[in-house]
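> sequence first, predicted model second:
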Amino acid sequence: MDEMTLLNCLTRRRRSKRNTIKNPVPDATIHQLHGLISGTAATSHDGPVTACVQLIGGGVAAMDSFMSWIGGKKALRSMITASFPVHFERYIEVFGGAGWVLFCKQPGNHFEVFNDYNGYLTNLYRCVRDQPQELIERLRFVLNSRVDFERIKKTLSQGACADAVERAAMFYQLIRYSYASGLKSYAGQPHDIWANFPSIEQAHRRLAKVVIENKDFEKVIRQYDRPESFFYLDPPYYETEGYYFNVGEGGFTPQDHIRLCGTLMGMEGKFLLSYNDHPYIGELYGRPGIWIERVSRINNIRQRYDGGCLFDELLIANYNMRERANRQPTQISLFDYEKQAAQDET
Ligand SMILES: C[S@@+](CC[C@H](N)C(=O)[O-])C[C@H]1O[C@@H](n2cnc3c(N)ncnc32)[C@H](O)[C@@H]1O
């Protein structure tokens, strides 16, 4: 069975047996499968398909982030969480951004930390966690207009907004109304901000017990490093360091890749790092005891004018990234699923 048949089969099953399925595949999962599957149509690479089977097997839809962000890991999140170690007691997401991986992972009983050096971003996260209704009320009657966008950008750059919820609402508008969420230029695209309110409320519940930090990566790693800690890190890509603002004096510099590597090599806990596939990064981390895997995903920005364009990324870890997949006791196969769906149809 090919991937599109699987998708059709799932969708049909959902429609015909809406009230009687024991372990239903939620619409969000089907929607996500569609993205994963259509993302693989142009390639023989089997990573995303593996990821989608894991999603079905778990029967749990990954939650979406309430925002978009440059370098967000939406397309890779299932593959990344499938590469997590089997056991850990503390989860620390060091370069948080839109938190696609945090929102994808199951909360579990462990301690979770979300960190980002951008203070506007962590203020927004705190407001989503602690004052979601106030934030929604501030967003309810905002306008998607160039004049307002430029005014908000100026106010934030001058540090002229003392109220935390107002600052969060302004920053959220910059994210939602800027081109490719780059915060710089007004996109001039239709966007229904009310449609984001349910995901803000959902994120509020998911973040309830998450500790939010606003620190440089080295400080947060040293603070939370223990043998039972697990760090997921998604730093600015090599040679795209300047994409991120409000992250300290000089921003993230090329030397920070070396500083990051040095910090990780000395740590007690486990780490999983995602990077662009650049020879420099391969050389930096090509060391004994370090696992490196190459994965492909659709290039979100170039996709707009170059359909099917793929982007290679590296997953780098100081443990065996396959340990979770190898331990899966039973993984439902595509054939099993087709058989099950056919039985349900009759
Ligand atoms: C590639 S993005 C992370 C994207 C995220 N994984 C997602 O799914 O949206 C990198 C993030 O690192 C943050 N950052 C930059 N320099 C940092 C530093 N020195 N310490 C911690 N975070 C930093 C940026 O603000 C940005 O949000």
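Structure received.

> so residue 268 makes contact with residue 225?
Yes - between residue 268 and residue 225 there is a contact under CB atoms under 8 Å: 5.3 Å. In this view, the C-beta of every residue, glycine as well, is placed from N, C-alpha and C.

> the more surrounded of the two?
Here residue 268 and residue 225 are set side by side on neighbour count (other CB atoms under 10 Å), and the busier one is residue 225, at 18 against 9.

> show the pLDDT at that one.
As summarised for this prediction, residue 225 has a pLDDT of 98.

> cool, residue 245 as well?
At residue 245 the predicted local distance difference test score is 71.

> give the next helix or strand downstream of the one helix or strand residue 223 maps to.
When elements are assigned from DSSP states H and E, residue 223 belongs to helix 217-224. Following helix 217-224 in sequence order, the next helix or strand is strand 229-233 (DSSP H and E).

> which strands and helices sit next to that following strand?
In terms of contacts (3 or more CB pairs under 8 Å, 6 or more residues apart in numbering; DSSP states H and E), strand 229-233 is packed against strand 90-93, helix 217-224, helix 255-265, strand 270-276.

> and if we set it to 6 Å?
Applying 3 or more CB pairs under 6 Å, 6 or more residues apart in numbering; DSSP states H and E, one finds that strand 229-233 contacts strand 90-93, strand 270-276.

> mind putting those in JSON lines, mean pLDDT, distance to residue 80 and mean neighbour count included?
Formatted as JSON lines, the entries for these read as follows, by pLDDT from 0 to 100; distance: least, CB to CB, whole Å; neighbours: other CB atoms under 10 Å:
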{"stretch": "strand 90-93", "mean pLDDT": "98", "distance to residue 80": "11", "mean neighbour count": "22"}
{"stretch": "strand 270-276", "mean pLDDT": "97", "distance to residue 80": "7", "mean neighbour count": "21"}
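
> near the ligand, which residues of the stretch 1-150 of the chain?
Taking CB under 6 Å from any ligand atom as the measure of proximity, the stretch 1-150 of the chain contacts the ligand at 69, 71-73, 95, 97-98, 100-101, 116-118.

> what do you get if the cut-off is 5 Å, keeping everything else the same?
Taking CB under 5 Å from any ligand atom as the criterion, the neighbours of the ligand within the stretch 1-150 of the chain are 69, 71-73, 95, 97-98, 100, 116-118.

> looking at those residues, which is nearest residue 237?
Using CB to CB, residue 71 comes nearest to residue 237 of those, at 6.6 Å.

> show me where pLDDT drops low in the chain?
Low-confidence regions of the chain, defined by pLDDT under 70, span residues 1-61, 247-249, 298-309, 329-346.

> nearest residue to the middle of it?
The centre of the chain sits closest to residue 100, judged by CA atoms, centre = their mean, with a distance of 1.8 Å.

> I'd guessed that residue sits against residue 72; true?
Yes - under the criterion of CB atoms under 6 Å, residue 100 makes contact with residue 72 at 5.2 Å.

> tell me the spacing between the residue nearest to the centre of the chain and residue 263.
With distances taken as CB to CB, to the nearest Å, residue 100 is found 23 Å from residue 263.

> same check on residue 272?
15 Å.

> kindly report the same for residue 183.
According to CB to CB, residue 183 stands 27 Å off from residue 263.

> check residue 108 too.
Here the distance between residue 108 and residue 263 works out to 25 Å (CB to CB).

> what about the closest residue to residue 242 other than its chain neighbours, how many neighbours?
In space, not counting the residues next to it along the chain, residue 242 is nearest to residue 251; the distance is 6.4 Å by CB to CB, 6 or more residues apart in numbering. Residue 251 sits with 15 neighbouring residues when counted by other CB under 10 Å.

> repeat for residue 293
Here the count is done by other CB under 10 Å, and residue 293 has 14 residues near it.

> please, which helix or strand holds it?
strand 291-298.

> the helix or strand following that strand near the ligand at all?
For strand 291-298, the following helix or strand on the C-terminal side (DSSP H and E) is strand 310-317. No - shown here: strand 310-317 not in contact with the ligand (CB under 5 Å from any ligand atom), separated by at least 10.7 Å.

> how about residues contacting strand 310-317?
With contact meaning CB atoms under 6 Å, 6 or more residues apart in numbering, strand 310-317 is reached by 83, 272-275, 277, 285, 291-297, 299.

> closest one to residue 149 out of the residues you listed, please.
So of the contacts of strand 310-317, ranked by how close each gets to residue 149 (CB to CB), first place is residue 299, at 26.1 Å.

> so what's the residue count around the residue nearest to residue 95 when sequence neighbours are not counted?
Across the structure, with CB to CB, 6+ apart as the measure, the residue nearest residue 95 apart from its sequence neighbours is residue 234 (4.7 Å). Using other CB under 10 Å as the criterion, residue 234 is surrounded by 23 other residues.

> list phi and psi for residue 234.
Taking degrees, to the nearest 10, you get phi -130, psi 70 for the backbone angles of residue 234.

> correct me, but it touches residue 274?
Yes - when contacts are counted by CB under 6 Å, residue 234 is listed as touching residue 274 (4.9 Å).

> export stretch 196-203 to CSV, keeping only CA atoms.
What follows is stretch 196-203 as a C-alpha-only set of coordinates in CSV (Å, rounded to 0.1, in the frame of the first residue of the first chain):
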residue,chain,number,x,y,z
ASN,A,196,-5.3,31.4,16.8
PHE,A,197,-7.2,31.8,20.1
PRO,A,198,-8.0,28.1,20.6
SER,A,199,-4.3,27.2,20.1
ILE,A,200,-3.3,29.9,22.7
GLU,A,201,-5.8,28.3,25.2
GLN,A,202,-4.4,24.8,24.4
ALA,A,203,-0.8,26.0,24.8
